[in-house]
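S.K.: got a predicted structure plus its sequence, pasted below:
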Amino acid sequence: MEGGSRMSTIMAVQHLSAGYGRTTIINDQTLTIEAGVITGLIGPNGSGKSTLLNVMNGFRAPLAGRVLLKDRPLSTFNHKQRAAEIACLTQHPVAPEGITVAELVSYGRYCHSKGLGWLRRRDQISVTEAISTVHLTAFKDTLVSELSGGQRQRAFIAMTLAQNSPIMMLDEPTTYLDLPNQLETLALLRQLNQVHKKTIIVVLHDLNQAATYCDQLVCMTQGRVNAVGTPKAVLTHELLATAFHVSADIELNANTQRPQLTNCQPMAAVAQ
Ligand SMILES: Nc1ncnc2c1ncn2[C@@H]1O[C@H](COP(=O)(O)OP(=O)(O)OP(=O)(O)O)[C@@H](O)[C@H]1O
């Protein structure tokens, strides 16, 4: 995207409203996602990032408006068709009791198989490759319940990889990971984007990581799409103040021209 290459819209959110019961969280918001781009969803806690993601991946129906996937309403895709297009890693994924890493990752092949538990050779290769990509080969027969938080997160990432869908949506995939594993996960997403041309939508809280690894940022504030654009365009002093209530120095990395924040402080502390 920063290189100015031609882009095409793969998903469109049109006049979307979404919420829970009678509570509207997102009200009449519109957004387009370009194919082959890493889009970072940023915003303070409770701003509606997960709600938006869960409507965009079809887990939650809109209250109004619609989501288009490749120009077709998402609501017209059945579960398997949707899974063939979009692989999701939710914020708090739960594994069924008593399953191993390999079994969990094989669930990612569901949309390509005739049923659970019946894996063809191609499915098995995808599962093995996905486990290897996240460096869990030594744990493939370990129960998911016996993994550390970081290992478990990587097992779920492998499950989404095995799904081999052109679009990946990940809600805070770096949660529970130590810094090396955070960076490795983000580098993996970049590799999947650059080498395998995946379109990636990822919720991130670390703004420097979002600026470094995402081509486009979408900042949510109180259920509204507050800003959309390149990290340089979105991460301004004004946005930091109005959306996050922080002040910071913003420097452009000389090589990447991506913004990096230093000296972050809560606005209240600055005012003292
Ligand atoms: N299952 C639910 N039922 C009712 N309200 C919900 C539910 N999930 C989220 N909400 C509310 O919707 C609003 C937006 O929540 P959401 O999880 O989308 O925000 P978020 O930006 O992803 O937050 P965070 O960064 O804390 O994960 C919040 O006010 C939250 O309380």
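M.R.: All right, it came through fine.
S.K.: which ones are touching I200?
M.R.: 37-39, 167-170, 189, 192-193 (Cβ atoms under 8 Å, 6 or more residues apart in numbering). Placement of C-beta: from N, CA and C, glycine included.
S.K.: how about these in CSV, adding neighbour count, distance to V134 and pLDDT?
M.R.: Below are these laid out as CSV (neighbours: other Cβ atoms under 10 Å; distance: Cβ to Cβ, whole Å; pLDDT from 0 to 100):
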residue, neighbour count, distance to V134, pLDDT
V37, 18, 23, 97
I38, 23, 18, 98
T39, 22, 22, 98
I167, 21, 19, 97
M168, 26, 13, 97
M169, 26, 17, 97
L170, 23, 13, 97
L189, 21, 12, 92
L192, 18, 12, 90
N193, 19, 16, 95
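S.K.: out of those, which are inside helices?
M.R.: In helices, judged by DSSP state H, the following of the contacts of I200 are found: 189, 192-193.
S.K.: tell me the one of those nearest R120?
M.R.: The closest of the ones in helices among the contacts of I200 to R120 turns out to be L192 (Cβ to Cβ; 22.9 Å).
S.K.: from A87, how far off is the closest residue to the closest one other than its chain neighbours?
M.R.: Among residues not flanking L192 along the chain, K198 sits closest, at 4.5 Å (Cβ to Cβ, 6 or more residues apart in numbering). The gap separating K198 from A87 is 9 Å, by Cβ to Cβ, to the nearest Å.
S.K.: shared neighbours, the two?
M.R.: Joint contacts of K198 and A87 (Cβ under 8 Å, 6+ apart) are 167-168.
S.K.: so D171 sits against K49, correct?
M.R.: Yes: assessed by Cβ atoms under 8 Å, D171 is found in contact with K49 at 7.5 Å.
S.K.: before we move on, the earlier item: for the ligand, tell me which of the contacts of I200 show up nearby.
M.R.: Near the ligand, judged by Cβ under 6 Å from any ligand atom, there are no entries from those.
S.K.: which one of those residues is nearest A254?
M.R.: I38 (21.5 Å).
S.K.: show me the contacts for that closest one.
M.R.: 189-190, 193, 200, 202, 213-216.
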